[in-house]
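Student: Kindly return the folded structure for what I paste below:
(chains A and B)
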Amino acid sequence: MKERKSLRPEGLVQVRAASARPDPTLNREIQTKIGQQLRAIYDDIVDQGVPDRFADLLRNLDSPVANGHAGNGHAGNGKTAGKDSGE
Amino acid sequence: MSRDPSGRASSRDDASVREAMLAAVPSLRAFAISLSANVDRADDLVQETLLRAWSNLDSFEPGTNMSAWLFTILRNLFRSEYRKRRREVPDSDGTYADSMKTQPEQSSRVEFEEFREALGKLPSDQREALVLVGASGFSYEEAAEICGCAVGTIKSRVNRARTRLAELLAIESIEDLGPDRELRAVFSGGGN
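Tutor: Okay, here's the model as predicted:
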């Protein structure tokens, strides 16, 4: 059952070329399918929406970031400080 | 004109930034899962991305693509983390295939399994380019910026990814179902 090696009778060079560039019709068909399946997998995750942890996280970012190591980015942030809502 | 030219956006703009970030979360997660091959790690990556973005809002140019900016941060975080954890190879078939198994019922499950497996066999730079352009909807130019490389590099990665996937999928079909394309069409649901 080792038929695969003789997919093409033209010889080794042709086989190599065929594997780099398959039958154009088949190729187009497969490329369409690749695009659809890729998007289907991706969109399936996108459709899960925003998990609560991220909604919560972003809500809590409302106050100036309490991000220990990068505090200097907020020097002179008077406007946000004025809107302290005490969350 | 609520922007403070000397630095940070006003709190009103902060609200719209937060909304833009929130809107980007679903696709950030999808991208992170495609990179990390692990849903939990992907979500941690997204969280870290949001925190990092928020504390570096100054470096975001208003009017530019917020989503692309976030993707860039996420990718860089993943890359630096990945360098630290070399021993974990996210490209191994099983891990990657499992991570994408969040799928509900699909009409052609076998095909999706095959596809996931094939996707997992791609080198990560090719997979990432393919996902950005083919699923996230970024242009080649945007994808190049996100990956920090030339547009031509992205194009060739996407092309190589597509060619490789086509090979993997075609070969699998032939192996599984024989060389007869009509027969293959029957098995895959009788065509489109």
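
Student: Burial check on residue B:166, number of neighbours?
Tutor: 21 (other CB atoms under 10 Å in any protein chain shown). All C-beta spots, glycine's among them, are computed from the backbone N, C-alpha and C.

Student: Distance from the strand or helix carrying it to the middle of the chain?
Tutor: Assessed by DSSP states H and E, residue B:166 sits inside helix B:151-177. Centre-to-centre, helix B:151-177 and its host chain are 17 Å apart (CA atoms, centre = their mean, to the nearest Å).

Student: May I see the buried residues of it?
Tutor: Buried positions in helix B:151-177, judged by neighbour count with 16 or more other CB atoms under 10 Å in any protein chain shown: B:153-154, B:157-158, B:160-170, B:172-174.

Student: OK, contacts around residue 43?
Tutor: Assuming you mean chain A. B:30, B:135 (CB atoms under 8 Å, 6 or more residues apart in numbering or on different chains).

Student: if you could check chain B rather than the one you did, that'd help
Tutor: By CB under 8 Å, 6+ apart, the neighbours of residue B:43 are A:51, A:53, B:29, B:32.

Student: And residue B:126, by the same measure?
Tutor: Here residue B:126 is in contact with B:157, B:158, B:160, B:161, B:164 (CB under 8 Å, 6+ apart).

Student: which one of the residues you listed is nearest residue B:19?
Tutor: Nearest to residue B:19 among the contacts of residue B:126 is residue B:158, at 31.0 Å by CB to CB.

Student: which ones are touching that closest one?
Tutor: Taking CB under 8 Å, 6+ apart as the test, what residue B:158 contacts is B:126, B:129, B:130, B:133, B:134, B:140.

Student: what's around the fourth one, how many residues?
Tutor: In this case it means residue B:133. For residue B:133, the count of nearby residues is 22 (other CB under 10 Å).

Student: distance of it from residue B:161?
Tutor: 9 Å (CB to CB, to the nearest Å).

Student: now the end-to-end length of stretch B:131-141.
Tutor: For stretch B:131-141, the separation between the terminal residues is 14 Å (CA to CA, to the nearest Å).

Student: Just the buried residues of it, please?
Tutor: Across stretch B:131-141, burial judged by 16+ other CB under 10 Å covers B:131, B:132, B:133, B:134, B:135, B:136, B:138, B:140.

Student: report the longest helix in chain A, please.
Tutor: Using DSSP state H, we find that the single longest helix of chain A is helix A:24-46.

Student: C-terminal to it, what's the next element?
Tutor: Helix A:24-46 is succeeded, C-terminally, by helix A:52-60 (DSSP H and E).

Student: Tell me which other helices or strands that next one touches.
Tutor: Counting by 3 or more CB pairs under 8 Å, 6 or more residues apart in numbering or on different chains; DSSP states H and E, the packing neighbours recorded for helix A:52-60 are helix B:11-36, helix B:39-55.

Student: Adding mean pLDDT, write these out as JSON lines.
Tutor: As requested, the helices and strands packed on helix A:52-60 are exported to JSON lines (pLDDT from 0 to 100):
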{"stretch": "helix B:11-36", "mean pLDDT": "88"}
{"stretch": "helix B:39-55", "mean pLDDT": "94"}
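
Student: of those helices, which approaches residue B:69 most closely?
Tutor: Comparing the helices and strands packed on helix A:52-60 under CB to CB, the one sitting nearest is helix B:39-55, at 7.2 Å.
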